[in-house]
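In: Structure of the sequence below:
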Amino acid sequence: MRTVRLPMYVLRPYERGIRETLGRYSGFSSPGPGLLIPFFQLIRVRDVREHTMDIQPQSVITKDNVEITVDGVMWVRPGSDEASIKKTFYAIDEWKRAIVQLAMTNLRQEFGDLTLDESLVARERIATNLQAVLNTYGEEWGLVVSKVEIMTSDPPLDIKTARHKQKSAEQERRSMRLLAIGEFEAAEQHKPATIQRAEGDRGAAIMIAEGKAEASRLVNEAAQKHFRGNAMLLKQLEMTESALKDNTKIVITEHGISPTLLLGSLPVSVSPAPEDGGG
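Out: The predicted structure is shown next:
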């Protein structure tokens, strides 16, 4: 605010003023040149641009009894109409200090209605609610709160450490879940190939077994067909060899070793092979 007492004055485009004559309100001054009666009149000038105002850091208690530190910033301007300018002079003594104190009081109340977790994610909602409350009271002082921002909401160190551990655990859980999903999807993709490979191995094993069985059958048939006589001769030779080992007496005839075998004291008769054309 500035005060003009000179006979001639000029208000800038962003300025508005009130004229006082002998201490009483006597008119509203818009941007441009103007005249005063020296010693009897003066002009009180108000800057109606946006004023950036800090909400100093302060401790607040959340609904779940956690103490955190918060601060913010707001943009406030006096109304540019005559009624608003009069209020900024006559309804409040220091409008800047008044609006800051009002913001700090209501900021504590906003955070007091929320838990810590809610307050950390509700900055925009808190700022909107605070702006609405400030405009309600600011209207009585001729002020308009254009915007409010909550800059920080800093919890104690132990709370931050616990939240960090919780966040790390949650990230690890999500990572493990994604890994498990990936492995499951990979297994599902390889499943058809594994089944097909297993079916191929089973078919090959069946074919090999069938081939071996067929080979055994062919060998048996060949043995029965071609080696039956040789097997009988081999049996006779084995009996002869066994008899010789027991010092058996044998008689050799013109038909071979076949008439009579004396095995110890027991005679064993061996019928000779029939002669061709015998009677």
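
In: next one: the helix ranked longest in the chain to chain centre, how far?
Out: Counting by DSSP state H, the longest helix found in the chain is helix 157-226. Put simply, helix 157-226 sits 28 Å off its chain's centre (C-alpha atoms, centre = their mean, to the nearest Å).

In: ok, now stretch 95-110?
Out: 40 Å.

In: can you check stretch 109-128 too?
Out: Relative to its chain's centre, stretch 109-128 lies at 26 Å (C-alpha atoms, centre = their mean).

In: Not counting its own residues, what contacts that stretch?
Out: Stretch 109-128 has contacts (C-beta atoms under 8 Å, 6 or more residues apart in numbering) with 60-64, 66, 68, 70, 72, 107, 129-130, 148-150, 153, 155, 159. Where you see a C-beta, it was placed from the backbone N, CA and C, and this is true even at glycine.

In: What mean pLDDT does stretch 88-108 get?
Out: What stretch 88-108 shows for mean pLDDT is 93.

In: and for it, what are the contacting residues?
Out: 18, 25, 44, 46, 51, 53-56, 58, 60-61, 70, 72, 74, 76, 78-79, 126, 130, 133-134, 137-138, 140-143, 145, 148, 150.

In: my read: Arg44 touches Tyr9, true?
Out: No: Arg44 is not in contact with Tyr9 according to C-beta atoms under 8 Å; the separation is 11.3 Å.

In: quick one: which helix or strand includes Ser59?
Out: Using DSSP states H and E, Ser59 sits within strand 51-61.

In: Output that strand as CSV, restricted to C-alpha atoms.
Out: Taking Å, rounded to 0.1, in the frame of the first residue of the first chain, the C-alpha atoms of strand 51-61 are listed here in CSV:
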residue,chain,number,x,y,z
HIS,A,51,0.5,-11.8,-4.3
THR,A,52,2.5,-14.9,-3.7
MET,A,53,2.4,-15.8,-0.1
ASP,A,54,4.2,-18.6,1.8
ILE,A,55,2.5,-20.8,4.3
GLN,A,56,5.4,-21.4,6.7
PRO,A,57,6.3,-25.0,7.7
GLN,A,58,4.4,-26.2,10.7
SER,A,59,3.7,-29.4,12.7
VAL,A,60,0.3,-31.0,12.3
ILE,A,61,-1.2,-34.1,13.9
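
In: and the closest residue to Gln41 other than its chain neighbours, bridged to which residues?
Out: Excluding its sequence neighbours, the residue lying closest to Gln41 (C-beta to C-beta, 6 or more residues apart in numbering) is Thr21, at 5.0 Å. For Thr21, the beta-bridge partners are Arg24, Gln41 (DSSP bridges).

In: Report the contact partners of Thr21.
Out: Listed by C-beta under 8 Å, 6+ apart, the contact partners of Thr21 are 37, 40-41.

In: could these go into a markdown table alongside distance to Ala204?
Out: What follows is the contacts of Thr21, written out as a markdown table (distance: C-beta to C-beta, whole Å):
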| residue | distance to Ala204 |
| --- | --- |
| Ile37 | 119 |
| Phe40 | 120 |
| Gln41 | 115 |
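
In: Can you select the buried ones from those residues in ChimeraX?
Out: Buried members of the contacts of Thr21, identified by 16 or more other C-beta atoms under 10 Å, are gathered into one ChimeraX selection as follows:
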select :41
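
In: Export the contacts of Thr21 to CSV and append columns for pLDDT.
Out: Converted to CSV, these look like this (pLDDT from 0 to 100):
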residue, pLDDT
Ile37, 94
Phe40, 94
Gln41, 95
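
In: Looking at the contacts of Thr21, which is nearest Thr3?
Out: Of all the contacts of Thr21, Gln41 has the smallest distance to Thr3: 11.3 Å, by C-beta to C-beta.

In: from memory the closest one sits against Gly17, does it?
Out: No: counting by C-beta under 8 Å, Gln41 does not reach Gly17; the two are 11.3 Å apart.

In: List buried residues within the contacts of stretch 109-128.
Out: Taking 16+ other C-beta under 10 Å as the criterion, what is buried in the contacts of stretch 109-128 is 60, 62, 66, 68, 70, 72, 107, 129-130, 148, 150, 153, 155.
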